[in-house]
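In: sharing a model that was predicted from the sequence below.
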Amino acid sequence: MTLLGVLALLLHVASGDSVKAISGFHGEAVTLDSGANPSWNISTIEWSILSNNTFIATYRSGQTSINRFWRYKDRLSLNTATGDLTIRNLSEEDAIEYNLYLIYRNTQKLRSKTKLTVARRIQKPHLRKLFSGLVEETCMIVMDCSSEGKAIEFSWQAQPYSSMRQSVGKNSSVLVLSVQDEVNVTCTVRNGVENASAVDTVRCSEDKPKPGPEKGGCSTGVVVVFIFVTFMVFCGGFCLGRVYKTSSLDECISKAFRRESNKQGGQDAPQGDLGNNNDKQGGPV
């Protein structure tokens, strides 16, 4: 055997041991690449699934069969020149490993495996203001970002700001900002495959906070607001039903701010307004 033939054989053996990864989206189509060259003159193509090599699409002796397995009926297309397999109308059940066996140039063989993952398109996040006002003479803004889906990760960007804290739940995240007056806020959600963002420009209030003595680190007001927002997001049901006797989470959070502020050495309650349906909503980036 020539050196070139030995190298080709080693390449094929290596390709059989490795598993290629590919992602697709629910309801859409994806093509599983065979890795073959159209010039190879392919004579046999066999795509199979499961450990018992259940055939789902084949090409043998010039005949194509793509409705071999009921779950893929009328959803497959097989390119007999390249060996590529296209699956349409993807579902979560299609997220498995696919086996390929090729014969080309009469005697040459190629085996490979492809692991398919199926995700749902990420939904654009909903961005809204929960609170804005003065806390210990500091302009505070509280933003909520929510999005439906699995394995969602949240991230925030804000400019300009003095300090920032965030709390993340299952399908939502809350951001607490200390600002001078106006801030541009961006919330981004990711699911490992794609991402989407919403933006908003928010003003704390018409009256800027009065200048106070410089303080090192994070102010007590910022910590208080952050702790209470976190509590309300994760324990909102308890807050609404038992503590403040209200059906509105926004109103519940506002009452919590005022109650806690009154505890801080007899300070006045925070002055501000809650976001409502008339607040400017975030839009796509």
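Out: Great, that's in hand.
In: so where do the helices sit in the protein?
Out: Per DSSP state H, the chain carries helices over the ranges 3-17, 220-234, 236-238, 249-263.
In: mean pLDDT for those: which is lowest?
Out: For the helices of the chain, mean pLDDT drops lowest on helix 236-238, to a mean of 41.
In: roughly how far apart are the closest residue to Leu85 other than its chain neighbours and Trp47?
Out: Leaving aside its sequence neighbours, Leu85 sits nearest to Leu32 (CB to CB, 6 or more residues apart in numbering; 4.6 Å). Just so you know, the C-beta spots here come from the backbone N, C-alpha and C atoms, and that holds for glycine as well. Applying CB to CB, to the nearest Å, the value for Leu32 to Trp47 is 8 Å.
In: okay, and the common contacts of the two?
Out: Shared contacts of Leu32 and Trp47 (CB atoms under 8 Å, 6 or more residues apart in numbering): Leu85, Tyr98, Leu100.
In: hmm, the second one is touching Asn53, no?
Out: No - Tyr98 lies out of contact with Asn53 (CB atoms under 8 Å); the separation is 10.8 Å.
In: Asp181: neighbour count?
Out: By the criterion of other CB atoms under 10 Å, Asp181 has 14 neighbours.
In: now for the residue nearest to Leu85, how many residues are close by?
Out: Leu32: 21 neighbours (other CB under 10 Å).
In: so it makes contact with Thr82?
Out: No - using CB under 8 Å, Leu32 makes no contact with Thr82, being 10.8 Å away.
In: list the buried ones in stretch 45-55?
Out: For stretch 45-55, a neighbour-count test (16 or more other CB atoms under 10 Å) marks Ile45, Glu46, Trp47, Ser48, Ile49 as buried.
In: what pLDDT, on average, does it get?
Out: Mean pLDDT, computed over stretch 45-55, is 94.
In: how close does Ala196 get to Leu76?
Out: Remark: distance between Ala196 and Leu76 (CB to CB) = 31 Å.
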